[in-house]
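Novice: Pasted the sequence and its predicted model underneath.
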Amino acid sequence: MDLDFKKIELIEKTTGINLSNLGLSVRLLNCLKRGGYNTLTDIMLEPPEKFCHIRNFGRKSEKEQFALRKFVISSD
């Protein structure tokens, strides 16, 4: 039950935020768009392992994406 509440809270926090407005590196932004992810909600609802299949999504992109997820989760 608590997990569902956190997921709903996360969706409310990130809804409508376009990835282009987040100041991400061009590399990460292009990778995510290539993978069909356009909003912050899109990437927050996916497990981090799911992104490794996207072309050019390497260690730098993974680190940046992890930092973004950590920031979003920790900010209130």
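Specialist: Looks like it arrived, so ask away. Please read these numbers as outputs of a predicted model, since none were measured by experiment. Residues are numbered from 1 along each chain as shown.
Novice: tell me the SS of the closest residue to Y37 other than its chain neighbours?
Specialist: Leaving aside its sequence neighbours, Y37 sits nearest to I43 (C-beta to C-beta, 6 or more residues apart in numbering; 5.0 Å). Glycine gets a C-beta too; all of them are placed from N, C-alpha and C. Following DSSP: H, G, I helix; E, B strand; the rest coil, I43 is assigned to helix.
Novice: Kindly list the longest helix within the protein.
Specialist: Looking across the chain with DSSP state H, the single longest helix is helix 59-74.
Novice: that older thread, thought the residue nearest to Y37 was touching I17?
Specialist: No. The criterion here is C-beta atoms under 8 Å, and I43 misses it with I17 at 10.2 Å.
Novice: So between those two, which is more surrounded?
Specialist: When I43 and I17 are compared for neighbours, I43 comes out ahead with 21 against 15, by other C-beta atoms under 10 Å.
Novice: Run through the residues that contact the more buried one.
Specialist: Residues counted as contacts of I43 (C-beta atoms under 8 Å, 6 or more residues apart in numbering) are L19, L32, Y37, F51, Q65, L68, R69.
Novice: before we move on, what about L68?
Specialist: L22, L24, I43.
Novice: if I look at the second one, how far off is L32?
Specialist: Taking C-beta to C-beta, to the nearest Å as the measure, L24 falls 8 Å from L32.
Novice: Also L45?
Specialist: Per C-beta to C-beta, L45 is found 13 Å from L32.
Novice: quick one, which of those two is more surrounded?
Specialist: Taking other C-beta under 10 Å, L45 and L32 do not tie; L32 has more neighbours (21 against 14).
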